[in-house]
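K.L.:
Sequence plus the predicted model coming up.
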Amino acid sequence: MKLLFTDIDGTLIRRDQTISDPVAVALSEAAGLGHGLILSSGRPLKSIETVFSYLDTRLTRPFSLQMIIANNGAQIYDRLTGKDLYERRLPLFLVDALQALAEECGIHIQTYTDDNLICTRMDAETERYVKRVILPIRLSPRLSDALDRPPFKMLALSNEGSEALMPFRKAALERFGDHIHCIFSGEGYLEIINRQADKGNALRFLAEHLQLPISDTFAAGDSENDLPMILAAGTGYAMANATEPVKAAAPYITLHSNEEDGILEVLEPFLR
């Protein structure tokens, strides 16, 4: 068995949230050969489940091992058993503190329950976000009031791009760096997660849990939050459309982007 750890947006799927027929065929062949698929994303679990459900309609053979790394590695979920294998939540006291800092910096911030997106109001950032990640929305002026337990992550957003979030990122790490990672998952998307959580740690945990050597793990991604996973894998790929820092650090770079089915280059060893 080989394990494919793949990011979703900018890696496995195209901008229109689909996969091509050749990718569907390759994934079906990999499943038929007994390999495992792990979708690894900054998205919350419920949103990643919709992607797996879509794959169910496109693949002729299901993967016998279907796992989800959600919230940038803060949660690992076994889709076939319906159980979490691993959780690393944010300390609850940080929700109010990070909300206050975001308001001080004049940027949008949101968090999540297991089922809902929690934000203070509907604004341009929220509208952009829910076009890609379909989740029920709950409005709460104080984010923590909508939570019954610590969240897996918070997300700072700016439609003006990542540069607009840099002052907030710098201040958050200066004040709370002992407790958090702040990593970009896309342009204008700054993920705030538990200091112990990242996609690389999640990959290593699953390899050990499944008693598979790291050499049998393959990973692909395009953004800063994917880099720990790319570097932890036995074979790690940055997509051709990845950010320049990710491409500079990755062992391999695909020749083609996600829009051009670059994931097929990652799947090639699975089909030998």
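P.N.:
Thanks, I have it.
K.L.:
C-alpha only now, for contacts and for neighbours.
P.N.:
OK.
K.L.:
Can you tell me which residue is spatially central in the chain?
P.N.:
By Cα atoms, centre = their mean, the chain has its centre lying nearest to residue 41, at 1.6 Å.
K.L.:
Quick one: residues contacting that one.
P.N.:
6, 7, 8, 9, 48, 69, 70, 71, 72, 73 (Cα atoms under 8 Å, 6 or more residues apart in numbering).
K.L.:
for residue 79, what are its contacts?
P.N.:
Per Cα under 8 Å, 6+ apart, neighbours of residue 79: 66, 67, 68.
K.L.:
In contact with the second one, which residues?
P.N.:
Residue 67 makes contact with 37, 38, 39, 76, 77, 78, 79, 80 under the criterion Cα under 8 Å, 6+ apart.
K.L.:
Is it bridged to anything, and to what?
P.N.:
Beta bridges link residue 67 to residue 38, residue 78, judged by DSSP bridges.
K.L.:
Next, the buried residues of the lowest-mean-pLDDT helix or strand in the chain.
P.N.:
Lowest by mean pLDDT, DSSP states H and E among the helices and strands of the chain is helix 124-132, with a mean of 88. By neighbour count on 16 or more other Cα atoms under 10 Å, the buried set for helix 124-132 is 125, 126.
K.L.:
could you point out which element follows it?
P.N.:
Beyond helix 124-132 in the direction of the C-terminus, DSSP states H and E gives the next helix or strand as strand 137-139.
K.L.:
got a list of contacts for that next one?
P.N.:
116, 117, 118, 119, 120, 121, 122, 146.
K.L.:
Just the buried ones among these, please.
P.N.:
116, 117, 118, 119, 120, 146.
K.L.:
Among these, which one sits closest to residue 136?
P.N.:
Nearest to residue 136 out of the buried ones among the contacts of strand 137-139 is residue 116 (Cα to Cα; 5.1 Å).
K.L.:
and the closest one, what is it in contact with?
P.N.:
135, 136, 137, 138.
K.L.:
any idea whether residue 34 is helix, strand or coil?
P.N.:
coil (DSSP: H, G, I helix; E, B strand; the rest coil).
K.L.:
Can you give me the domain assignment for the protein?
P.N.:
For the chain, automatic domain parsing gives the domain ranges 3-88+197-271, 93-194.
K.L.:
mind checking how far the shortest one is from the chain centre?
P.N.:
Same thing as domain 93-194. 15 Å (Cα atoms, centre = their mean, to the nearest Å).
K.L.:
re the thing from before, redo the contacts of residue 79 as CSV? Include pLDDT and distance to residue 54.
P.N.:
CSV is the format used below for those (pLDDT from 0 to 100; distance: Cα to Cα, whole Å):
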residue, pLDDT, distance to residue 54
66, 93, 13
67, 96, 15
68, 98, 14
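K.L.:
how about JSON lines for those, with distance to residue 250 added?
P.N.:
What follows is the contacts of residue 79, written out as JSON lines (distance: Cα to Cα, whole Å):
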{"residue": "66", "distance to residue 250": "25"}
{"residue": "67", "distance to residue 250": "24"}
{"residue": "68", "distance to residue 250": "22"}
